[in-house]
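**Student:** Next input, structure requested:
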Amino acid sequence: MSAQTSRQSSKVLIAPALCMAMQMTGFAMILPLYARRFDSFGAGVEALGLSAAAYALSGALAGPFIGLLADRVGRRPFVLLSLAGYVLVFCGYLLAGSAWLMIVLRGLAGIFTAGLFLAMTSIVGDLAAEDRRARWVGIVNGGAAAGWIVGPCLGGLLYDRFGYELPFGAAIAMALAALLLAVSSIPETTTRSADPGLARPERSRVSQAVPDLAMLLLPLLISFGVMFAWGFIEPPLMFYAYGDLGWTSSQMGLVISMSGLSCTVGQFALGHLSDRRGRRPVLALGLALFSAQFIGLLLIRDLTWIVVSFVLAGLGNALYDAALSAHLLDITPPQHTARILGLRGAAGSLGSLLGPATVVLLTAAVNPQAVFLISAALVLVLAVASGLGLRVWKEPHVIRGLPRASVAP
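**Tutor:** Presented below is the predicted three-dimensional model:
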């Protein structure tokens, strides 16, 4: 890729990062308030778990279809529709009068999240050079992670002082700002429909076929397992933190914000690591670090050390997510990018669905410590499996001088 082409593509890729930062700030602002909102309707962990399951189920069902359409009609329509949908959903959260309406709204949010993330990641696949792919995945995802720095802490503080209206109103404003930026700054990037002058890197693909199941199985299992582990602890975590640990909404927001801060720093500073060191070792390291939050909740009650465990998990999130996304972009031809990313999103959403659903079924049988132990063990198993079993292409920018012609065991 020429220097001019690289600069042109880089300029275009800044807008998705900024949009993700604004959107996820609004999303994360209200995350610590879901348990409070359901409690105001007289609902508890079961309703919160059902809402998380609705969010995941809708994303799992919608992701593959949105990916197929995004490969055919383009990325931009799904970016705009998703951001507009979030404006409406956030308005619904503010005006909802029952727990069931909140559950329905979270289901709609799952569809818009699936569309937004796969469209944004597909834009990176369209524009980023292969030796900078993980770097740009990290930057765009870092924009999303940046929303987790300010959002949860600010949302908790606003709720503690002013109630529901102000944090939900601020979330609506952030979603609307992201939509307006996308309308003005994000072009179409698919080959058939994009501006002919828009720079796209050359692709060195072994085949134009969709990757086979053998190459997709472990990445999809990783996506499923990670989201299952987090979804499994999400409903009991909120009530454990507020009840057993005695946290305030502000303290809950602080924990989530520090995780978001470390993830953002990791995405920007370390997201490129798998471009240099290879996808497999970075993916395994990231997953091992991601398990720290579950281990911290299992073994520690002190707020400061739990924050440290979430900081380590945030760094792990940055490493494994950039490496896994770049790996899928490596092995997928351009005309199938969104479809494969949709399958990854569906696997993750299925994990997010089954995690809360499983913990709801087991609420009477297991305590929070058992839940945290199960999630920690699952993620550590995935770390070992990825280090030993991920099938990766020999990458010219990682193994100098080797053509991309075979699959490493």
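**Student:** how about the nearest residue to Thr363 once chain neighbours are set aside, what does it touch?
**Tutor:** Excluding the flanking residues, the one nearest Thr363 by Cβ to Cβ, 6 or more residues apart in numbering is Val45, at 6.4 Å. Where C-beta positions appear, they are placed from N, C-alpha and C, glycine not excepted. Applying Cβ atoms under 8 Å, 6 or more residues apart in numbering, we find Val45 in contact with 235-236, 238-239, 360, 363.
**Student:** State the distance from Val45 to Met29.
**Tutor:** 22 Å (Cβ to Cβ, to the nearest Å).
**Student:** cool, Trp148 as well?
**Tutor:** Per Cβ to Cβ, Trp148 is found 10 Å from Met29.
**Student:** Narrow the contacts of Val45 to those in helices?
**Tutor:** The members of these that map onto helices under DSSP state H are 235-236, 238-239, 360.
**Student:** Redo these as a markdown table? Include distance to Arg277, neighbour count and pLDDT.
**Tutor:** Supplementary listing: these in a markdown table, determined by distance: Cβ to Cβ, whole Å; neighbours: other Cβ atoms under 10 Å; pLDDT from 0 to 100:
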| residue | distance to Arg277 | neighbour count | pLDDT |
| --- | --- | --- | --- |
| Pro235 | 37 | 29 | 76 |
| Pro236 | 36 | 27 | 84 |
| Met238 | 37 | 22 | 78 |
| Phe239 | 40 | 16 | 79 |
| Val360 | 40 | 19 | 74 |
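**Student:** Report the two members of those residues separated by the largest distance.
**Tutor:** Met238 and Val360 (13.4 Å; Cβ to Cβ).
**Student:** Closest one to Pro64 out of the ones in helices among the contacts of Val45, please.
**Tutor:** For the ones in helices among the contacts of Val45, the minimum distance to Pro64 (Cβ to Cβ) is 25.6 Å, reached by Val360.
**Student:** and Ala199, what pLDDT?
**Tutor:** Looking at Ala199, its pLDDT reads 50.
**Student:** Ok, Arg76 next?
**Tutor:** Listed pLDDT for Arg76 reads 91.
**Student:** Which secondary structure state does Cys223 sit in?
**Tutor:** Slight slip there: residue 223 is Ser, not Cys. helix (DSSP: H, G, I helix; E, B strand; the rest coil).
**Student:** what's the burial count for Met215?
**Tutor:** Neighbour count for Met215, taken as other Cβ atoms under 10 Å: 18.
**Student:** Over to the one 5 residues further on?
**Tutor:** Number of residues near Leu220 (other Cβ under 10 Å) recorded here: 19.
**Student:** so how far is Gly345 from it?
**Tutor:** In this structure, Leu220 and Gly345 are 10 Å apart, going by Cβ to Cβ.
**Student:** ditto for Pro334
**Tutor:** Counting by Cβ to Cβ, the gap from Pro334 to Gly345 is 18 Å.
**Student:** Between these two, which is the more surrounded one?
**Tutor:** The neighbour count for Pro334 versus Gly345, taken as other Cβ under 10 Å, is higher for Gly345 (27 against 19).
**Student:** Might you report the residue contacts of that one?
**Tutor:** When contacts are counted by Cβ under 8 Å, 6+ apart, Gly345 touches 59-60, 63, 67, 114, 117-118, 223.
**Student:** Skip the chain neighbours and tell me the closest residue to it.
**Tutor:** Once flanking residues are discounted, Gly345 sits nearest to Gly63: 3.8 Å by Cβ to Cβ, 6+ apart.
**Student:** Name the helix or strand for that neighbour, please.
**Tutor:** Per DSSP states H and E: Gly63 is located in helix 45-73.
**Student:** for Thr189, same thing?
**Tutor:** Of the helices and strands defined by DSSP H and E, none includes Thr189.
**Student:** I figured it was touching Arg75, is that so?
**Tutor:** Yes: counting by Cβ atoms under 8 Å, Thr189 does reach Arg75; the two are 5.7 Å apart.
**Student:** what is in contact with those two at once?
**Tutor:** 122-123, 126.
**Student:** Which among these count as buried?
**Tutor:** In these, burial by neighbour count holds for 122-123, 126, counting by 16 or more other Cβ atoms under 10 Å.
**Student:** if you look at those residues, which of them are in helices?
**Tutor:** Using DSSP H, these in helices are 122-123, 126.
**Student:** Quick one: end-to-end distance for stretch 66-86.
**Tutor:** 16 Å (Cα to Cα, to the nearest Å).
**Student:** residues of that stretch that come out buried?
**Tutor:** Across stretch 66-86, burial judged by 16+ other Cβ under 10 Å covers 66-67, 69-71, 74-76, 78-86.
**Student:** for stretch 151-161, same thing?
**Tutor:** 151-159.
**Student:** same thing with stretch 233-253?
**Tutor:** Neighbour counts using 16+ other Cβ under 10 Å place 233-242, 245, 247, 249-253 of stretch 233-253 among the buried residues.
**Student:** now the end-to-end length of it.
**Tutor:** Its first and final residues considered, stretch 233-253 spans 16 Å by Cα to Cα.
**Student:** Thought Val79 was touching Cys19, still the case?
**Tutor:** Yes: using Cβ under 8 Å, Cys19 is in contact with Val79, at 7.5 Å.
**Student:** Which residues are in contact with each of those two?
**Tutor:** Overlap of the contact sets of Cys19 and Val79 (by Cβ under 8 Å, 6+ apart) consists of 120, 182, 186.
**Student:** which stretches of the protein have low pLDDT?
**Tutor:** Across the chain, the ranges flagged by pLDDT under 70 are 1-11, 191-213, 391-409.
**Student:** tell me the strands in it, going along the chain?
**Tutor:** With DSSP state E, the ranges of strands along the chain come out as 392-393, 407-408.
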